[in-house]
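J.: build the 3D model from these lines:
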Amino acid sequence: MAKDHAKIYQGFIDEELASASGTQWMAAGEGQVRFCGGKEVEVNDLSTTGLGDYDSSKTDGTAYPAGAVTSSWSAQTLSMDRGVKFALDRTSPQDIGFDASVEAVVREFARSQLAKEQDAYRIHKLYSLAAADSTHKGTHVLDFEIGTDDIVDKLCGLIQTLENDSERSGGFVAMVAADQKTAFLKASAQTFNNIAFEQTVEINGVSYEHVMMLNDLPCIFVPIRVTITTALKDPDSVNGEEERYSVDNVALESLPLVNYAAGKVNEQTVPFRFLPGDLKQLSAIGVTEALA
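T.: You can find the predicted model right below:
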């Protein structure tokens, strides 16, 4: 029986994202998104009517008012279209476990590359949308100084604002920079709020460990370090070749919003730091000897 390799490999990716990604709980549930090819998807929107008046005097089956269920699909275009291709082959006669080798590569890619890029994009996208909203940015985006302001009171106040606006209680998730865990540990001894650390919580079918529960709010600590991959072009090289570099464990000093403009070169300067040992060369410019 033929194997569906794409389905098998996608299963590896899903498992690693569930384990390594802090935002995998944001992914739509099964059946809520239809992929149409390329960057095009369709998202399901399900709605129902509300309650009506019940008439107990009717005995013909019409005592309950008729309700309506609407299920529609709206077309959406993804803002990014990313991909990669790996070519694998045996390097020696002993390397006969091809499926195992592919699984190792796919899992490593999902864990060390895909999860980081996915988390960085989602978190920054949500922050950008909130900060650009003129109606809510003053109340939904808070700036405060750790150590001076009460971090627990600030977060609880923000959740209260969100609950009032959404007309729902609970169901929220907080993404907290990992380097702020100490601040919450110190604040936990000085607040009447219920704070519990190292909890295991399931959110939208994804299980997370080492979660902080602030009252009923799950708080997932996410790393603030990122991986940067860049290319260095050499105009004097043959055919304009370029070298590719990767820098791991990059600590960003700040992450300001970028005002993107269509049709223009968009630039933003962001200070960061890293250790020299985290700089890796991925590909080099070939050296060609010129013949006289």
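J.: ok, whichever strand or helix holds Leu46: who's next to it in the sheet?
T.: In this assignment (DSSP states H and E), Leu46 forms part of strand 40-48. Strand 40-48 has the following sheet partners, assigned by DSSP bridges: strand 33-37 (antiparallel), strand 69-77 (antiparallel).
J.: in CSV, list the C-alpha atoms belonging to the last one.
T.: In other words, strand 69-77. Only the C-alpha atoms of strand 69-77 are listed here, as CSV (Å, rounded to 0.1, in the frame of the first residue of the first chain):
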residue,chain,number,x,y,z
VAL,A,69,-28.0,28.4,11.4
THR,A,70,-25.7,30.1,8.9
SER,A,71,-22.4,28.6,7.8
SER,A,72,-20.4,30.6,5.2
TRP,A,73,-16.9,30.6,3.8
SER,A,74,-15.0,33.8,3.2
ALA,A,75,-11.9,34.0,0.9
GLN,A,76,-8.7,35.2,2.5
THR,A,77,-5.2,35.8,1.1
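J.: which element follows that strand toward the C-terminus?
T.: Downstream of strand 69-77, the next assigned helix or strand under DSSP H and E is helix 98-109.
J.: just give me the neighbour total for Thr48.
T.: By other Cβ atoms under 10 Å, the residues close to Thr48 number 9. Using the backbone N, CA and C atoms, a C-beta is placed for each residue, glycine as well.
J.: swap that for Ala130, please
T.: Other residues close to Ala130 by other Cβ under 10 Å number 13.
J.: tell me what angle the longest helix along the chain forms with helix 98-109.
T.: Identified as the longest helix of the chain according to DSSP state H is helix 115-132. Computed with axes from the mean of the first three to the mean of the last three Cα atoms, to 10 degrees, the direction of helix 115-132 lies at 30 degrees from that of helix 98-109.
J.: need the next SSE after helix 115-132, C-terminal direction.
T.: Defined by DSSP H and E, the subsequent element after helix 115-132 is helix 137-140.
J.: from Thr227, how far off is the residue nearest the centre of the chain?
T.: The chain has Asp119 as the residue nearest its centroid, 2.9 Å off, counting by Cα atoms, centre = their mean. Look at Asp119 and Thr227: by Cβ to Cβ, to the nearest Å, they are 11 Å apart.
J.: got it, and Arg107?
T.: Where Thr227 is concerned, Arg107 sits at a distance of 17 Å (Cβ to Cβ).
J.: also Lys7?
T.: 28 Å.
J.: between the two, which is the more surrounded one?
T.: Thr227 (17 against 8).
J.: circling back to that earlier point, tell me which of the strands paired with strand 40-48 lies nearest to Ala174.
T.: strand 33-37 (24.8 Å; Cβ to Cβ).
J.: now that closest one: buried residues?
T.: When burial is assessed from 16 or more other Cβ atoms under 10 Å, strand 33-37 yields no buried residues.
J.: for stretch 166-173, same thing?
T.: Val173.
J.: what of stretch 102-114?
T.: Those would be Val102, Val106, Arg107, Phe109, Ala110, Arg111, Leu114, for stretch 102-114 by 16+ other Cβ under 10 Å.
J.: and what of stretch 185-194?
T.: Neighbour count says stretch 185-194 has Ala187, Ser188 buried, by 16+ other Cβ under 10 Å.
J.: what residues does that stretch touch?
T.: Asp150, Ile151, Val152, Asp153, Cys156, Ile195, Phe197, Met213, Leu214, Asn215 (Cβ atoms under 8 Å, 6 or more residues apart in numbering).
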